[in-house]
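A.B. asks: Fold the stuff below for me.
(4 chains)
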4 protein chains.
Amino acid sequence: MTVELRSDNAAAVSPAILEAMGAVNSGSALAYGGDEVTAALQDRVRDLFEHPTARVFPVLSGTAANALSLSALTPPWGSVVCHETAHILGSEGGATSFLSGGAVMTGIAGENYKLAPEALQAHLDGVRWGDPHHSQPAVLSLTSPSDYGTVYSVAEIAELTAIAKTRDLRVHLDGARFANAVVATGATPADLTWRAGVDVLSLGATKNGALSAEAIVCFTDAPADELVYRTKRSGHVTSKMRYQSAQLLAYLTDDLWLRNARNANERMAELAEGLRKAGVRITNSVDANLAWVDLPEETADRLEAAGVLFHRLDGQVRFVTSWQTTSDDVLTVLGLLGSA
Amino acid sequence: MTVELRSDNAAAVSPAILEAMGAVNSGSALAYGGDEVTAALQDRVRDLFEHPTARVFPVLSGTAANALSLSALTPPWGSVVCHETAHILGSEGGATSFLSGGAVMTGIAGENYKLAPEALQAHLDGVRWGDPHHSQPAVLSLTSPSDYGTVYSVAEIAELTAIAKTRDLRVHLDGARFANAVVATGATPADLTWRAGVDVLSLGATKNGALSAEAIVCFTDAPADELVYRTKRSGHVTSKMRYQSAQLLAYLTDDLWLRNARNANERMAELAEGLRKAGVRITNSVDANLAWVDLPEETADRLEAAGVLFHRLDGQVRFVTSWQTTSDDVLTVLGLLGSA
Amino acid sequence: MTVELRSDNAAAVSPAILEAMGAVNSGSALAYGGDEVTAALQDRVRDLFEHPTARVFPVLSGTAANALSLSALTPPWGSVVCHETAHILGSEGGATSFLSGGAVMTGIAGENYKLAPEALQAHLDGVRWGDPHHSQPAVLSLTSPSDYGTVYSVAEIAELTAIAKTRDLRVHLDGARFANAVVATGATPADLTWRAGVDVLSLGATKNGALSAEAIVCFTDAPADELVYRTKRSGHVTSKMRYQSAQLLAYLTDDLWLRNARNANERMAELAEGLRKAGVRITNSVDANLAWVDLPEETADRLEAAGVLFHRLDGQVRFVTSWQTTSDDVLTVLGLLGSA
Amino acid sequence: MTVELRSDNAAAVSPAILEAMGAVNSGSALAYGGDEVTAALQDRVRDLFEHPTARVFPVLSGTAANALSLSALTPPWGSVVCHETAHILGSEGGATSFLSGGAVMTGIAGENYKLAPEALQAHLDGVRWGDPHHSQPAVLSLTSPSDYGTVYSVAEIAELTAIAKTRDLRVHLDGARFANAVVATGATPADLTWRAGVDVLSLGATKNGALSAEAIVCFTDAPADELVYRTKRSGHVTSKMRYQSAQLLAYLTDDLWLRNARNANERMAELAEGLRKAGVRITNSVDANLAWVDLPEETADRLEAAGVLFHRLDGQVRFVTSWQTTSDDVLTVLGLLGSA
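C.D. replies: Below you'll find the model as predicted:
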C-alpha cells in the first residue's frame, strides 16, 4: 500500500489531458506557437478570465512562469516585494534575480503566510524613492495558495494591490495552485486576478493534473510585449507548442481544472478534520490542499513504515493532497494515526 | 493534399513516444528528476554513448539545451567560437549571451556551412590571450547537421577539437538533429562526440519524433556540476520530469531515433535526386534532411498552391523532411515540378 | 560657520594625496595598469599586509569594490550571507546581484549590527545543500566598521570565518572604512584580514582622504584571476590608472591612512562622550567614526540652523566624523547642544 | 629621448585640469553628484551643446560610458549595430553584452572603418522584425573618430541616423575622441550630435588631457532616467563626484578640450605628411590623431631602439598623437625615418 502525500506534482496526469495530446497528434503544424491549438487556448483564456485582450504564454515550469513574469514587470534595478516565505524567494534558486538581470526580492513578514496591508504600506513608506542606492520596489508578488496552503480572499488581494498601485508597483500572482484558490474562494478567475488589480498571473497546471504545462497570463500589454522575446531567449518557447497548448486547453475545458482542484481541497479538508480529531496540531490555516502539522517523530516513522509518503521539512510534516487522492487514502492515514 | 516540408519540428509525435508517456502515467513519482524513469534514461545514455560517467539533463527546447550547455562551458567574459551561420548565433534570440551572463558569440566564415581547421587556427592565433580588452575564446561550438543540412565527419570534428584544445577551449556540439548526423556518417554516438573531443552534446529529439524533449549530455563533470543549478534557476527543471525522460528513453530504445532519422535522410536523398534531375539547383551539400534550393518564384508559387508547405528564407526555398515524410510525398512534389 | 558631519565622503582630499597625483603627472605611461606606480602600489600592499602574493585592483567606488569582489567569489547561483544591515544589501542598488549574474544576498539579524557566530551557524545548518531549488551560500561578507560604526575584533572575524569555512564559503570583508577598523582594534592589517580567514578585502580610501580610489585586495588567486576580466568588462579599468594608484600609494605611505582614520575616530570619541554627558542617547556602540543618536526634533533643527550638517535617517540622527573634523568642530556641536 | 606615440591615454594630465581639482579641494560637499560643481557641469554641457535638457553623467572609463549608454538604449534582446571594427565590439571585453543583460553586437563591414548607408539599410532590410528567434536591432552605434582615426562628417551621421530611425533604432555616438572629431570637422557639438540624430554621446576626456573622466551626455530623457540607476548598480557613481565634474568642467572651459585636440590632430597631420614624403604607406584616412602604417620591421625596430614608443597591432604600426605631442617629437620621428 502507498498513499502519496508528498506533493501534488508527484501525481500522475489526468487521462483527459493525455488524451488531448494524442488527439492533436496527427498531421503537422506550424512550430513555436503558430498553430491552431495555441490559438484556441488563447481564446479559451480570454473567455474564462472575461478579458478580451488577455495574452497567454505556455511555459513548462512554475519557476519559468514566475521568473519570466517578474522579469517583464520589473526593471533590473527594481525590487520584487513578497512574503518572506514566498516560493519565488526561497525555492526557485534565485531564478527571478537571474532572469531579471539582477533584481532583488524583498521578503516581508506576515501572519498566516500572507502579506498584511499594514506591513506592505510600512515597507513602501520606508523606501527612499528615486534614490539609486536603494532598490526600488517595482512589483508586488502574491502567492495564493501559499506554499503553506493559505489563500488570499478577493478583498485581501484588492486591498494589497490598491496599496501597491499608489506607488506604481505592478502586481504578479503566483498561482502555481490557482485552481485550488478558485475552488477555495468560490470567486471567478477574473475577480481573483485582474479585477482585483493583478497584472500578470502564473497559472499553474502541472500540480493539478497536467503533464508539463504552466501558463503566463498577461492582463496588460507591456509585459506581454516583452515576453515574446524573454520566453524565447531563455529557451522557453517550445517548437511543438501545440502539445502544451493541448494540455492547457483540456485543463481549462469542462471544468477539469476545478474538478481536480476540488478533489484535492476536499480530501485535504477530510484529512485535516481527522487530524484535528486525533489531536494533531495543524500549524497553518488549511484553505486549500496542504497541511503542515506537528507530528511526533515516532508517529511519522510509523506512517512512513506503513507506506504513507510525505515530506519532513523544517521540523514539521507536510501533507499535500492532489487530484488523485481518494477518500480511502485519507481514511488509511487516519486509521494509522488512530491505531496507535 | 498537403505535403509538409516546412520543418521537421512541424511533424507529429512518434506513436511509440506517446505510448511511453502513457505507460508511465500511473501511481506517483518523486518530482524534479528523482524518479526511476529518469534514472533509466541516465543508464541508457551511458550505454549508448559507451561512457560510464556521462550525465544527462532533459530540457525542453533546443535553445535551452544549447544556451545552458554553453553557459556552463564559458565564463561570462569568454567567447563562443562558431560558424557564422550557426543556429546559436542567428536563431536563438541571443540566448547564449543572456544565459551565460554576457558571453560573446564569434562567427567565422567557412565553406559548406562548416568551420575549416585553418580558419579556426587563424582565429585563435589572432586572439590577444589574457588581455581583458578582448573576449577570450572559451568554447568551440559545432552544429551538425548544420541548419543547411551539412554534416561533419568524425575526422573533421576531431581535427577541429584538437586545434581548440591546444588553447584549452572546451567543445560543444549542437546536435539538434544529432540522429540525422549519426545516420549520415554511420559513426557511433561515441565516435561522433567524446571520442572526437566533444565535452557537451545538445542531443535533440523534438525534431525527430519526440513531443518536447531535448537532452544535454555531458561527458565531463565540470559543466554537469554547474548544470544542476543552471537548469533550475532558468526554469528548466520540470517537476514531472519522468514524462520527458520517458520520451527520451523511448526515443533511444530499439533504434527509434535512428529509424526516424533514416527515413528523413532517405526521403531527402530521393527528393534531392529528383530536384537535380529536374534541373533545380541545390545550394547546399545534402548530407541529411535539409535542402536549400534556387526555385523560380512561379514554381514555388505553384507548389504552394498545390499544398506543398515549405519556407522561403533569404531568397531561397528550404525543404525539410522528417520521420513522417513518405516517398509518396516526395513523388508528389517531384510530380508537381515536372508538370510545368 | 559650518560643521560637516554628514558623511566622511563629503570631506575633501588629503593634500598629500593631491600632491602625489601631481607628482606622477609628467611624461607618459603605459595605460590600464601597466605603469610603474601601479607596480609600486602592488609591492606596498604586499608589504603592508605581510602577504607575498596578494594582488590589488584599484577601482573607483566602494560599490564597485564590493560587487566585483563578490562576483568573483560566488557562482551566479550562490548566496552572499551578510548582516541584515550590510551596506551591500541595502545601499548599493542591488549591484552584487547584478554584477554576479543573479546571486542572492541573504541578510541575517544580529546585535550591534554584527553577525553572531550562532546565527551564522544556524543559517548554514538550515540550508538544503546541493539542492538547486535553494540558493547555496557561497560567501560570507562582513562589514567592518559597519554602517553603524561597529567594529569586529580579530577574534570575532576569525570565529565567523572558521564557521564559514566548514561549509566552504569564501570570505569577503567590506572595508570601506578599513583604516578606522585598524585604528579601532589596534590590530595589523594582516591579522584583521587573511590571517583571520578573509579571502578578499574591499579596501576603502575615498571616505578617508582619497579623491576617488578604492582597492580590491585578493589574498587568494582564484578571484584575482577572474577580476582581471570582471573589472574590465564592467568598465572599471581606467586607462590612466597611475593616478588612482598614486592616490592609494600615498594613502598607504607614512601612515597617512592611519593618521586620517585616527583623527576621525578620536573626534568621534570626543563627540560621543559629550553627547552622553549631554544626556543624548547613542544607539550604536561607537567603535569608529559614526554615531547614531536619538535627538529631539527641535534640537536637530537648532543644530541645523546653526550650520551643523548631518543626516536624519530612519528616525535617527547620524553623525560622521572624518580626517578633516577638528576638535573645534566637536566643541561647536557640543556647545550648541548645551546652550539649549 | 622618448617620443610617446603609443596612445593618447598614455599622456599626462593637462595642468589646468589638475589645478581645477585642487581648486575644489576645500570644505566639504554633498556626495554622489549632489554638489555644486556637478551642477555647474550640467549647465556647461547644456550651453555647449545648445540643448536645454541634455543630462550629463560623469563616469570613469570609456568602456563604462559606452556600455552603460548602450544598456540604457537597448532592451536585453536587442542588437547594437556597429562597424565591424567598432571599439565596443572588439576592445571592451564584451562589456555591452554584460551590462545590457545579454544584448548582441552586430558588426557590419564598411570602407574606411565607417558604416555605409547602403550597408546599414541592407542589414535592416534583412532583419526578421518581431521574430524573437532573431535579435532585434535597437541601437545604431557610431564611433567617431574610429579606432582607425577616421571621422564621420555631419552629413554622414545624419544620413545613417535617418535610416536607423525609420526602424526606430536609437543612436549612440562613441566619442572617446569627440574633441578630435569636432576639430576635424569644424562642426559644432550640437551639429555633430543631437541635430544629426544622436540620442546619447559618450564624451571622452581622458584621452585628451583629463585624469579620469568621461561623460555620458543624453539628449533624450528615457535613457537618462535609466542611467540614474544603471550607473549606481554597476559601481559608476563615485562619492566624491565633484572631482570628476571639476575635470570635465575645466576640460570644457576656455576651449581647453579643443585646443588639446587641435594639437593632437595637427601634430598627426605633420607626421602623416612626413611619412608620406618618406614613402611610408598609411592605410587609413588620417582625419584625426591616429595613423596606421605599413612600416618595415627593421625600420620599426630602429625607431623603437631610438626611443620612439608605439604599438604594433595586427601586422601594422600605429602612431597616436596627443595634446602633449610636440612638433619636435614629430621631427624627431621623421628624422629617424629619413636617416636610414
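A.B. asks: Which stretches in chain A count as strands?
C.D. replies: A:3-4, A:55-59, A:78-83, A:104-108, A:136-143, A:170-175, A:200-204, A:214-218, A:281-282, A:290-294, A:308-309, A:311-313, A:316-320 (DSSP state E).
A.B. asks: which stretch among these comes nearest B:Ser71?
C.D. replies: strand A:55-59 (19.0 Å; C-beta to C-beta). Just so you know, the C-beta spots here come from the backbone N, C-alpha and C atoms, and that holds for glycine as well.
A.B. asks: close to chain B, is the closest one?
C.D. replies: Yes. Shown here: strand A:55-59 in contact with chain B (C-beta under 8 Å from any C-beta of the partner chain) through A:Val59.
A.B. asks: Can you pull the domain assignment for chain A?
C.D. replies: What the TED database lists as the domains of chain A is A:3-10+A:258-338, A:15-252.
A.B. asks: and C:Val217, which of those is closest to it?
C.D. replies: Of all the domains of chain A, domain A:15-252 sits nearest to C:Val217, with 24.1 Å by C-beta to C-beta.
A.B. asks: Most tightly packed of the domains of chain A?
C.D. replies: Ranked by mean neighbour count, the domains of chain A are led by domain A:15-252 with a mean of 23 (mean count of other C-beta atoms under 10 Å in any protein chain shown).
A.B. asks: Run the chain-centre distance for that one.
C.D. replies: Its chain's C-alpha centre and that of domain A:15-252 lie 8 Å apart, by C-alpha atoms, centre = their mean, to the nearest Å.
A.B. asks: ok so, going back, the domains of chain A: which one's closest to C:Ala213?
C.D. replies: Nearest of those (C-beta to C-beta): domain A:15-252, 19.9 Å.
A.B. asks: In chain A, where is pLDDT below threshold?
C.D. replies: Scanning chain A for pLDDT under 70 picks out A:339-340.
A.B. asks: pretty sure A:Leu252 is touching A:Arg46, no?
C.D. replies: No. A:Leu252 lies out of contact with A:Arg46 (C-beta atoms under 8 Å); the separation is 11.1 Å.
A.B. asks: Which other helices and strands does the longest helix seen in chain A contact?
C.D. replies: Counting residues, the longest helix found in chain A (DSSP state H) is helix A:256-277. Helix A:256-277 sits against helix A:178-185, strand A:281-282, strand A:290-294, strand A:316-320, helix A:327-338, with contacts defined as 3 or more C-beta pairs under 8 Å, 6 or more residues apart in numbering or on different chains; DSSP states H and E.
A.B. asks: Any part of stretch A:211-221 near chain D?
C.D. replies: No. Using C-beta under 8 Å from any C-beta, stretch A:211-221 stays clear of chain D, with a minimum separation of 14.4 Å.
A.B. asks: measure that stretch end to end?
C.D. replies: Stretch A:211-221 has an end-to-end distance of 28 Å (criterion: C-alpha to C-alpha, to the nearest Å).
A.B. asks: Quick check: the residue of the stretch 151-300 of chain A found nearest chain C vs C:Ser79, distance?
C.D. replies: Across the stretch 151-300 of chain A, the shortest distance to chain C (C-beta to the nearest C-beta) belongs to A:Ser234, at 12.2 Å. To C:Ser79, A:Ser234 is 21 Å away according to C-beta to C-beta, to the nearest Å.
A.B. asks: Repeat that for A:Asn289.
C.D. replies: 30 Å.
A.B. asks: Give me the residues contacting stretch A:46-53.
C.D. replies: The contact list for stretch A:46-53, computed with C-beta atoms under 8 Å, 6 or more residues apart in numbering or on different chains, reads A:54, A:188-190, A:193-194, A:217, A:219, A:221, A:252.
A.B. asks: now with 7 Å?
C.D. replies: Stretch A:46-53 has contacts (C-beta atoms under 7 Å, 6 or more residues apart in numbering or on different chains) with A:54, A:189-190, A:193-194, A:217, A:219, A:252.
A.B. asks: from these, which single one is nearest chain D?
C.D. replies: Looking across these and measuring by C-beta to the nearest C-beta, the closest to chain D is A:Val217, at 18.7 Å.
A.B. asks: just checking, that closest one touches A:Phe57?
C.D. replies: No. Between A:Val217 and A:Phe57 there is no contact under C-beta atoms under 7 Å: 8.0 Å.
A.B. asks: what does the stretch 101-250 of chain A put close to chain D?
C.D. replies: A:101, A:132-133, A:228-229, A:232-233 (C-beta under 7 Å from any C-beta of the partner chain).
A.B. asks: Just want the residue of the stretch 101-250 of chain A that's nearest chain B.
C.D. replies: For the stretch 101-250 of chain A, C-beta to the nearest C-beta, closest residue to chain B: A:Gly235, 2.9 Å.
A.B. asks: so what's that residue closest to, chain neighbours aside?
C.D. replies: B:Ala64 (2.9 Å; C-beta to C-beta, 6 or more residues apart in numbering or on different chains).
A.B. asks: coming back round to it: let me have the domains of chain A in TSV, adding distance to D:Tyr152 as columns.
C.D. replies: Shown next, in TSV, are these (distance: least, C-beta to C-beta, whole Å):
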stretch	distance to D:Tyr152
domain A:3-10+A:258-338	58
domain A:15-252	31
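A.B. asks: so who does the nearest residue to A:Ala138 once chain neighbours are set aside touch?
C.D. replies: Leaving out its chain neighbours, the residue that sits closest to A:Ala138 by C-beta to C-beta, 6+ apart is A:Gly78, at 3.0 Å. Counting by C-beta under 7 Å, 6+ apart, A:Gly78 makes contact with A:103, A:135-139.
A.B. asks: What parts of the stretch 201-340 of chain A come near chain C?
C.D. replies: Counting by C-beta under 7 Å from any C-beta, no residue of the stretch 201-340 of chain A sits close to chain C.
A.B. asks: Please apply the same query to the stretch 51-200 of chain A.
C.D. replies: Proximity of the stretch 51-200 of chain A to chain C is confined to A:76-77, A:90-94, A:97-98, A:101-104, A:132-135 under the rule C-beta under 7 Å from any C-beta.
A.B. asks: Identify the residues contacting A:Val280.
C.D. replies: A:Val280 neighbours (C-beta under 7 Å, 6+ apart): A:293, A:295.
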